[in-house]
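Q: My questions concern the predicted model and sequence given below.
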Amino acid sequence: MLRSIKQIFTWWNGSTINTRFHIWRTAKRVGEDERGNVYYENKDGKRYVQYADIAEASAIPSGWHGWMHYRTDTPPSDDDYKPREWQKEHQENMTGTAGAYFPKGSLNNPEERPRATGDYEAWSP
């Protein structure tokens, strides 16, 4: 019930009912990734993704990312896709959370920033 209400009024919880209806009406299902995101393509070649949870573009795996951005015409569901050794597993974007990266010397990290090396000299008035 709550998921249905969210789909009516918000776009960041998957997609709205109108978007789902439009994609259902105009596109065909191409495949699904291991996270539950579902991918579609319409007759004009436009590609869509229906996120399983919150609409987060960084949640698309590398194989599907290539297909979504027209770098390949074969979706990973048709091809026996195996990621290359240099392709990393997805990491959730932690920006704005307690798990975000804070370098040494930032306001949220009390450690002292390492001194600059080389030809840089800090200016002091």
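A: Perfect, thanks for sending it.
Q: how about the helices in this protein?
A: Along the chain, counting by DSSP state H, helices occupy 2-9, 17-26, 62-68.
Q: how distant is stretch 94-104 from the center of its chain?
A: Mean C-alpha position of stretch 94-104 versus that of the full chain (Cα atoms, centre = their mean, to the nearest Å) differs by 18 Å.
Q: And that stretch, end to end?
A: Taking Cα to Cα, to the nearest Å, the first and last residues of stretch 94-104 lie 17 Å apart.
Q: average pLDDT for that stretch?
A: For stretch 94-104, mean pLDDT rounds to 86.
Q: one step back: tabulate the helices of the chain (CSV), appending mean neighbour count, distance to R84 and mean pLDDT.
A: For every residue, glycine as well, the C-beta is placed using N, CA and C. Shown next, in CSV, are those (neighbours: other Cβ atoms under 10 Å; distance: least, Cβ to Cβ, whole Å; pLDDT from 0 to 100):
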stretch, mean neighbour count, distance to R84, mean pLDDT
helix 2-9, 10, 36, 70
helix 17-26, 13, 30, 86
helix 62-68, 19, 8, 88
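Q: nearest to P125, of those helices?
A: Nearest to P125, of all the helices of the chain, is helix 62-68, at 48.0 Å by Cβ to Cβ.
Q: ok, back up a step: quick one, which of the helices of the chain gets closest to S124.
A: Evaluated over the helices of the chain, closeness to S124 peaks at helix 62-68, with 46.4 Å, by Cβ to Cβ.
Q: got a list of contacts for that closest one?
A: With contact meaning Cβ atoms under 8 Å, 6 or more residues apart in numbering, helix 62-68 is reached by 30-31, 33, 37, 39, 47, 49, 60, 72-76, 81, 83, 87, 90.
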